[in-house]
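In: need a 3D model of the sequence below.
(one chain, ligands or ions: 1)
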Amino acid sequence: MSTPTIGVLALQGDVREHLAALAAEGADAVPVRRPEELAAVDGLVLPGGESTTIAKLAARFGLMEPLRAAVRSGLPVYGSCAGMVLLADRLLDAPADQETVGGLDVTVRRNAFGRQVDSFESTVRLGEATVPAVFIRAPWVEEAGPQVEVLGRVVGGAGDGKIVAVRQGSLLATSFHPELTGDRRVHALFVEIVREARGRRSGAVAGEERSSS
Ligand code: GLN
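Out: Coordinates of the predicted model:
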């Protein structure tokens with residue numbers, strides 16, 4: 001199958017690191033700042049950064065509604081840290097007017113590990129694997145809806161057992177920053193999700209063409 005094109009929302013945050021990790025996993029990785037660029041990708045990463053800033057810039061760039069429509073239409077999206085906040089349907093410890101893209105049926109607590117804890121490394125249990133994880137003013141998932149699969153939890157320390165990686169269909173989110181550790185399992189999983197979704201879409205189109213001929 002040909003190379004999937006995966007965008008990284010490039011308004012603020014650690015865009016370059018995600019582009020590099022996606023490229024290393026075999027995707028054609030491109031920055032996305034405009035609705036036309038969003039329309040051209042097979043999947044999208046919402047990077048870490050500051051979710052209130054990213055949301056404000058997305059609104060200013062006319063991207064908020066296109067992002068919501070893309071999620072509704074089934075575009076695979078991976079949100080890391082601030083990106084997880086942006087994908088959440090519900091937020092705790094956020095300004096009352098903070099907008100999200102939404103789509104992920106979770107309640108996410110911002111800066112959940114405590115404001116005094118700016119950044120730390122920990123270990124996350126991801127399925128059968130144990131991976132090193134970097135957290136920077138990170139959120140966690142306080143509550144996950146019935147369709148949400150819990151992929152990862154913190155092992156040990158203050159956040160022991162907290163949910164920090166989830167998947168709901170083609171939506172993936174982590175509290176931590178795999179783009180900063182060189183452990184590319186999460187990016188590999190996301191590229192796989194994008195390939196599967198693309199396979200389903202092209203299968204559906206081929207099916208429609210067959211049935212209409
Ligand atoms: N605390 C930030 C927010 O809520 C996220 C931090 C990060 O992405 N590293 O936007």
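In: around the ligand, which positions in this protein sit nearby?
Out: Gly48, Gly49, Glu50, Ser51, Cys81, Ala82, Val85, Arg110, Asn111, Ile136, Arg137, Pro139 (C-beta under 6 Å from any ligand atom). Placement of C-beta: from N, CA and C, glycine included.
In: and the last one, what does it touch?
Out: Contact analysis of Pro139 by C-beta atoms under 8 Å, 6 or more residues apart in numbering lists Cys81, Met84, Val85, Ala88, Val108, Arg109, Arg110, Asn111, Ala112, Ser175.
In: ok, back up a step: list only buried entries from the residues of the chain next to the ligand.
Out: Neighbour counting over the residues of the chain next to the ligand (16 or more other C-beta atoms under 10 Å) leaves Gly48, Gly49, Ser51, Cys81, Ala82, Val85, Arg110, Asn111, Ile136, Arg137, Pro139 as the buried ones.
In: identify the residue nearest Glu143 in space, chain neighbours excluded?
Out: Nearest in space to Glu143, with sequence neighbours left out and distances taken as C-beta to C-beta, 6 or more residues apart in numbering, is Thr107 at 4.2 Å.
In: what about the chain, any weak spots by pLDDT?
Out: 1, 115-117, 205-213 (pLDDT under 70).
In: sort out for me which of the buried ones among the residues of the chain next to the ligand are in helices.
Out: Ser51, Ala82, Val85 (DSSP state H).
In: setting the sequence-adjacent residues aside, check what's closest to the last one.
Out: Nearest non-adjacent residue to Val85, counting by C-beta to C-beta, 6+ apart: Ser51, 3.9 Å away.
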